[in-house]
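Q: Next input, structure requested:
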Amino acid sequence: MPLTKLRNIGIAAHIDAGKTTVTKRILFFTGTTRKMGEVHDGQATMDFMKQEQERGITIASAAISCLWKDYQINLIDTPGHVDFTVEVERSLRVIDGMIAVFCAVGGVEPQSETVWNQADRYRVPRFAFINKMDRTGADFAQVVGQMNKYLDANAVPFNLPIGAEETFEGIIDLIEEKAYMFRDFEQIEMEIPGEYKEKAKEARAWIVEKLAEFNEEIMELFFEEKEVSAELLRRAARAAVLKMLITPVFCGAAYKNKGVQMLLDAVVDYLPSPIDVGAIVGTDIDDPEKSHSRHPSAKEPFSALAFKLIHDPFVGQQTFTRIFSGTLKSGMQIMNTTKGKHERIGRIYRIHAKDREEISEAGPGDIVALIGLKLTKTGDTLCDSEHPLFLENIHIPPSVIELKITPAKRADQAKLGEALNKLMNEDPSFNVRFDDETEETVIAGMGELHLEIIIDRLKHEFKVDAIVGEPAVAFRETITSEKEHRYKHSKQTGGKGQFADVVMRIEPNEGKGYEFIDKVKGGNIPAEFVPSVNKGILKTLEKGILAGYPVVDVKVVLLDGSHHPVDSSDMAFQTCASICFKEAFMKASPILMEPMMKIEVNTPDDYIGEVSGNLNRRRGRIEAMRRYRKGAQKINGFVPLKEMFGYATQLRNISSGRANYSMEFSSYTPLPKAIQEEVLKEIAEKNK
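A: Below you'll find the model as predicted:
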């Protein structure tokens, strides 16, 4: 199949916009599935994890291939819940185009904005589908208005709904100037109804006017007041979508099978093929300033990005990979430049939801699952070993919430460790650490739901029952002043002793993470021991000093030191650097940092006072309030995660169950002094 007939697309939206139902219908109408599974029946094809079916939400983005009118569409379904943002990130990194699904009632919801901004970051061309037009309160024009107001989308309706709510019965295609009604699974073409003719004429004129801005041919016809053909409009619209100048808007009701065929036509007509996207640019592995480009051609050297790992009970680990250039064959040896190691490809699968089709080779633009990779993780670059390069990695936000976890049976300790390791491989936003002092395993993730699902998967997939502590905030430690410090480590036991001497300066490094600079002159610390100093500090950063939380944003300058020709060793310098860093850290005005969350609350006007007051009591900072539909407002602001446990229940009580909220990580900020003292006191009590 020529590359021009390939579409790699993602479907993204706020939770409950009906994204998975849209996917289901696409699979049904393309003949990929024979049956209509519903999310609310727990029967959706893409949601094949037990946790997804129980909660009626999508957690893991799954990749599926299907065919429509001689075009191959690789479809990636992404989660709408903010705890699984990393899933959206990694999908956006490998898709070429996106369908943004909006609910005709809810409109532009908090997560729709997050996904939209993520897609902007990766420059993904997209169009919008306003779903649930048959629901009470559906308002097509209002959602288009919100897209322009809140997303700056330059949204242009390419459809007009015939009716709305329970009277929604058809769709007008403004490009072709035709109307369609739907009966069961059939799309019936008809004339535009008389009462809609004027409205449709105005709406089409608006498309012509918009596209005239980007197309001279249309501009001339527009000024001469001549008719613009559907073919010319489609061609101009495609060019504008690829450059992200406009967002065409379509509508329908996926659950009632209305508008799905038109949506598939729009994927083919307006979203890019790998050829349209063009070359991907990577950096040289020896010189980050130098770049290399790879065109989507089988003749170019092989390059690909691993974007997802799924552990499959039947075939083991599947590494989902997007191929950008060259050809991949089973049995081939390739280079993982991120790890600097070689990998051998076992089998290659094309995925159809739960089903797999083994293929012997895959080419540019393909999204496939590879079996047999041992070292590759999410975000790793895979390429031809003769022509290595690095592709841009995937942005992983920090984990902000922690839980202590122990196996219900002591004998399951090793099994728990193994299961957590597999889960950590699959999900880069999930972290595990073992606290040697308390002998506890601590898991960390993006939110309460994220960790709840991890625990659930441990129980059902890995058959490990776990006892779980209360969720706690993942604080960070840092310093606020500069300090120079010297430490001499000297131990004489029978036989060879240990000697190391280190002088370092530590200073705040706000927002830049950890930095290590070597300024030792004259070989006072031999060159082979400088990495040992860095290693000793790195180990200390993970464990924390003030209260056992990871240390961030610190610059260490190694100034001087001394060594002993016999007693100095890698271990001695690691130990010395660790102790020196700890002592310097405690003198450099250390503080705790807490995760600050960006929050959005949707509430009816009646409860606005109580909701705002409650957020203020939780140390929240309200930034803006805006009306988003009649009788209801959105409150935007920031609030410390520490104050948000149990908020869902309280918000339900305050608003009689009518308000809802969403929050995501924003940044780490210093913990107020009085609260820091309380936290440190609590930790000291626990460790007694």
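Q: Just give the number of residues close to the residue lying closest to residue 333 once chain neighbours are set aside.
A: Among residues not flanking residue 333 along the chain, residue 344 sits closest, at 5.2 Å (CB to CB, 6 or more residues apart in numbering). Where you see a C-beta, it was placed from the backbone N, CA and C, and this is true even at glycine. Per other CB atoms under 10 Å, the neighbour tally for residue 344 reads 12.
Q: can you check the one 5 residues further on too?
A: Taking other CB under 10 Å as the neighbour definition, residue 349 ends up with a count of 20.
Q: Likewise for residue 519?
A: Quick note: residue 519 (other CB under 10 Å) scores 11 neighbours.
Q: show me the contacts for it.
A: 557-559 (CB atoms under 8 Å, 6 or more residues apart in numbering).
Q: By neighbours, which of these wins?
A: Neighbour max across the contacts of residue 519 (other CB under 10 Å) = residue 558, 21 neighbours.
Q: Output the contacting helices and strands for the helix or strand that contains that residue.
A: When elements are assigned from DSSP states H and E, residue 558 belongs to strand 554-562. Judged by 3 or more CB pairs under 8 Å, 6 or more residues apart in numbering; DSSP states H and E, the packing partners of strand 554-562 are strand 498-508, strand 515-518, helix 530-543.
Q: Compare these and give me the one nearest residue 316.
A: Minimum separation from residue 316 across the helices and strands packed on strand 554-562 (CB to CB) falls at helix 530-543, 29.6 Å.
Q: per-residue confidence averaged over that closest one?
A: Averaged across helix 530-543, the pLDDT comes to 93.
Q: same deal with stretch 306-319?
A: pLDDT averaged over stretch 306-319 gives 79.
Q: repeat for stretch 155-173
A: 94.
Q: what comes up buried for it?
A: By neighbour count with 16 or more other CB atoms under 10 Å, stretch 155-173 contains the buried residues 155-162, 164, 168-173.
Q: quick one: low-confidence ranges for the stretch 251-400 of the chain?
A: For the stretch 251-400 of the chain, the stretches with pLDDT under 70 are 313, 352-355, 393.
Q: Need the winner for burial among the helices and strands packed on strand 554-562.
A: Of these, the one with the most neighbours on average (mean count of other CB atoms under 10 Å) is strand 498-508, at a mean of 22.
Q: Parallel or antiparallel, which strands does it pair with?
A: Strand 498-508 pairs in its sheet with strand 483-491 (antiparallel), strand 554-562 (antiparallel), by DSSP bridges.
Q: Give me the distance from that strand to the chain's centre.
A: 39 Å (CA atoms, centre = their mean, to the nearest Å).
Q: tell me the angle of it relative to helix 530-543?
A: On the basis of axes from the mean of the first three to the mean of the last three CA atoms, to 10 degrees, strand 498-508 is oriented at 60 degrees to helix 530-543.
Q: Near residue 299, how many other residues are there?
A: Around residue 299 there are 9 residues (other CB under 10 Å).
Q: which element is it on?
A: Here residue 299 is assigned to no helix or strand, by DSSP H and E.
Q: Equivalent analysis for residue 664, please.
A: strand 660-670.
Q: Of all the strands paired with strand 498-508, which one is nearest residue 63?
A: Comparing these under CB to CB, the one sitting nearest is strand 554-562, at 40.0 Å.
Q: Dump the C-alpha coordinates for that closest one into PDB.
A: Taking Å, rounded to 0.1, in the frame of the first residue of the first chain, the C-alpha atoms of strand 554-562 are listed here in PDB:
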ATOM      1  CA  VAL A 554      20.900  21.300  43.500                       C
ATOM      2  CA  LYS A 555      24.200  22.200  41.800                       C
ATOM      3  CA  VAL A 556      27.400  20.600  43.200                       C
ATOM      4  CA  VAL A 557      30.800  22.000  42.300                       C
ATOM      5  CA  LEU A 558      33.700  19.700  43.200                       C
ATOM      6  CA  LEU A 559      36.500  22.100  44.300                       C
ATOM      7  CA  ASP A 560      39.300  20.100  45.800                       C
ATOM      8  CA  GLY A 561      40.300  17.100  47.900                       C
ATOM      9  CA  SER A 562      43.100  14.600  48.400                       C
END
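Q: That concludes my questions; thank you for your assistance.
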